[in-house]
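A.B. asks: got a predicted structure plus its sequence, pasted below:
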Amino acid sequence: MRVFYRRLPKFQYIAVRSLDEALAFLAEHRGKAKVLAGGTDLVPQLKKREIELPACVVDLKAIPGLDVISHDRQSGLVLGALATINAVGQNRVVEEKFKALSQAALSMASPQVRNRGTIAGNICNAVPSADSAPALLALNASVKIKGPKGERTVPLDQFFTGPRTTVLGADELLYEILVPNQDRASRGVYLKLSPRHSMDLAVVGVAAVGLLEDGICKAVKIALGAVAPTPVRAPMAEALLTGKVITQGLIDEAARNALTQCSPIDDHRASREYRCDMVYAMTRRALAHIFGR
């Protein structure tokens with residue numbers, strides 16, 4: 001498939017130095033401004049004319065402290081809007097305590113893109129195949145949003161409203177991602193099906209985080225990517241496992257139940273039927289991994 005790129009269209013470029021300054025420009029150009037963090041999604045979209053051409057682009061990169069990756073024993077992990085995909089994926093605390101997120105980050109794109117793109121940008125782009133979204137959903141993440149009416153915190157499972165759409169208003173910014181601490185004994189994994197290990201979008205993505213005590217599932221979260229209009233949880237499959245003795249048969253039943261959350265499309269990357277088959281196979285594999293079965 002041939003892809004034709006044009007030159008960037010003309011727009012006003014604004015480099016801001018604070019969130020308040022950024023919000024002021026978004027309010028001034030309400031609905032006609034685009035936010036740039038890494039630009040790895042925005043710039044190609046502009047060149048290919050996939051989105052409405054903006055009057056201005058507001059660049060956040062000069063805002064100090066917005067690239068934070070911090071961890072607190074009480075409150076958990078905080079990722080700033082400018083925290084790059086590679087910085088998150090290679091962070092020691094993320095790798096040790098939030099394994100699914102680290103795996104998802106390092107499965108994305110190329111090293112060059114990961115060094116430029118951001119986790120916040122990945123979820124704000126809101127494509128169904130976003131790799132970071134299933135991992136963050138399984139980790140029960142939320143996002144902090146700032147706008148002219150103040151700040152609000154939105155659970156990530158309420159953030160996506162459709163393909164490439166979110167609850168973000170035209171005059172709002174997502175400035176932090178919050179990930180609560182997980183139980184020390186919990187295990188997590190992100191599995192991605194794509195033609196190549198990286199570079200390609202996910203055909204199917206599955207994240208699972210769970211806690212097993214004495215053979216009994218105390219808690220589990222399963223999230224799926226690229227198989228519905230938005231990244232989704234599989235709550236019925238989670239309910240099947242919670243409080244039960246984990247067996248291969250129960251894992252198989254839960255994996256089949258996860259299919260009820262799927263409404264994949266047919267496209268050039270995979271058929272609907274193939275994606276459904278892979279949701280079952282990969283969910284079963286993810287659950288077997290976290291529960292040691």
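C.D. replies: Everything's here; your move. Residues are numbered from 1 along each chain as shown.

A.B. asks: from now on I want contacts and neighbour counts done on CA atoms only, so please keep to that.
C.D. replies: OK.

A.B. asks: which ones are touching Pro180?
C.D. replies: 75-77, 139-141 (C-alpha atoms under 8 Å, 6 or more residues apart in numbering).

A.B. asks: if you set the cut-off to 6 Å instead, what comes out?
C.D. replies: Pro180 makes contacts with Gly76, as judged by C-alpha atoms under 6 Å, 6 or more residues apart in numbering.

A.B. asks: could I get the phi/psi values of it?
C.D. replies: Main-chain dihedrals, Pro180, degrees, to the nearest 10: phi -70, psi 160.

A.B. asks: now do it, the pLDDT please.
C.D. replies: Per-residue confidence (pLDDT) for Pro180: 98.

A.B. asks: separation between it and Thr283?
C.D. replies: To Thr283, Pro180 is 23 Å away according to C-alpha to C-alpha, to the nearest Å.

A.B. asks: what bridges to Val57?
C.D. replies: Beta-bridge pairing for Val57 (DSSP bridges): Tyr13, Lys34.

A.B. asks: number of nearby residues for it?
C.D. replies: Val57 has 21 neighbours, counted by other C-alpha atoms under 10 Å.

A.B. asks: avg pLDDT for stretch 272-288?
C.D. replies: Mean predicted lDDT for stretch 272-288 stands at 97.

A.B. asks: which residues are in contact with that stretch?
C.D. replies: Where contact means C-alpha under 6 Å, 6+ apart, the residues beyond stretch 272-288 that reach it are 252, 255-256, 264-266.

A.B. asks: ok, of those residues, which one's closest to Lys146?
C.D. replies: When the contacts of stretch 272-288 are ranked by distance to Lys146 (C-alpha to C-alpha), Pro264 comes first, at 32.8 Å.

A.B. asks: tell me which of the contacts of stretch 272-288 is nearest to Arg233?
C.D. replies: For those, the nearest to Arg233 is Ala255 (12.6 Å; C-alpha to C-alpha).

A.B. asks: for the closest one, which residues are in contact?
C.D. replies: 280, 283-284.

A.B. asks: and it, which of the three is it?
C.D. replies: Secondary structure of Ala255, reduced to three states by DSSP: H, G, I helix; E, B strand; the rest coil: helix.

A.B. asks: mind checking how far it is from Ala33?
C.D. replies: Taken as C-alpha to C-alpha, the span from Ala255 to Ala33 is 42 Å.

A.B. asks: same question, Leu60
C.D. replies: On the measure of C-alpha to C-alpha, Leu60 and Ala33 end up 13 Å apart.

A.B. asks: can you read off the backbone torsions of the closest residue to Val143 other than its chain neighbours?
C.D. replies: Nearest residue to Val143, sequence neighbours excluded (C-alpha to C-alpha, 6 or more residues apart in numbering): Ile177, at 4.5 Å. Dihedral pair for Ile177: phi -110, psi 130, per degrees, to the nearest 10.

A.B. asks: Ile177 bridge partners, please.
C.D. replies: Leu79, Val143.

A.B. asks: neighbours around it, how many?
C.D. replies: Look at Ile177: counted by other C-alpha under 10 Å, it has 25 neighbours.

A.B. asks: helix, strand or coil: sort out Gly89 for me.
C.D. replies: helix.
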